[in-house]
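Enquirer: Sharing a model that was predicted from the sequence below.
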Amino acid sequence: MFVSASVALADSHGGDDMEKNDYQHSEEAQEYVHGNPSVEQEPWLLTSGGRIYDNWWIALDGEEPEGTIPSYPTDVNSAQGGSGTWRCKECHGWDYRGKDGLYGSGSHYSGIVGINGAIGHPVEQIARTLRDENRPYIEEMISEDEMLRVAAFVSVVKSTCVGFLI
């Protein structure tokens, strides 16, 4: 179902053009796309965390980082580098399985484990881990509130959803 909906959406937007226009929106939509609701309910919280997991600087209207994240294992995949390595999904995968999933080989291979092992862990514990020496995301990049959204997303990601997405 997800694949069919994605294909239909891509076709309705001209296929490859969708990638180019994926995050563009009008100034009037700024608050809707990037703002916070007056009451942060779980669906919004998890969706926001997922968007940050995907590409935090676009989700947060931030500055794209320069260079490769210092912890990226270039000895495993010297072909990958640059700002894309700062995206959570780049190391831990779209399917959340990291080296054991779709990113187990090919140009996105990093040799890094997925996030399934964090399912059910306390959000605050995950947020602290997301600020350790391997993930040097400073407050100016991702605020504490935003990092808690990512941690909430990571805490509840279900590996059973992955089969639905593939």
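Expert: In hand now; what should we look at? Residues are numbered from 1 along each chain as shown.
Enquirer: Give the burial count for G114, as a bare number.
Expert: 21 (other C-beta atoms under 10 Å). All C-beta spots, glycine's among them, are computed from the backbone N, C-alpha and C.
Enquirer: unless I'm mixing things up, Y109 is touching L102, no?
Expert: No. Applying C-beta atoms under 8 Å as the test, Y109 and L102 come out as separate, 9.9 Å apart.
Enquirer: Give the rounded mean pLDDT of stretch 157-166.
Expert: For stretch 157-166, mean pLDDT rounds to 52.
Enquirer: Equivalent analysis for stretch 36-49, please.
Expert: Per-residue pLDDT over stretch 36-49 has a mean of 88.
Enquirer: Stretch 85-95 too?
Expert: Average pLDDT, stretch 85-95: 93.
Enquirer: Next, the distance between the ends of that stretch.
Expert: 16 Å (C-alpha to C-alpha, to the nearest Å).
Enquirer: chain center to that stretch: distance?
Expert: Centroid separation between stretch 85-95 and its chain, computed with C-alpha atoms, centre = their mean, to the nearest Å, is 6 Å.
Enquirer: Which stretches in this protein count as helices?
Expert: 2-12, 16-21, 30-34, 42-59, 88-92, 123-129, 144-156, 159-165 (DSSP state H).
Enquirer: Show me which positions of the longest one end up buried.
Expert: Taking 16 or more other C-beta atoms under 10 Å as the basis for neighbour counts, the residues of helix 42-59 that come out buried are L45, L46, S48, G49, G50, R51, I52, Y53, N55, W56, W57, A59.
Enquirer: Report the contact partners of the second one.
Expert: Applying C-beta atoms under 8 Å, 6 or more residues apart in numbering to L46 gives the contacts R149, A152, F153, V156.
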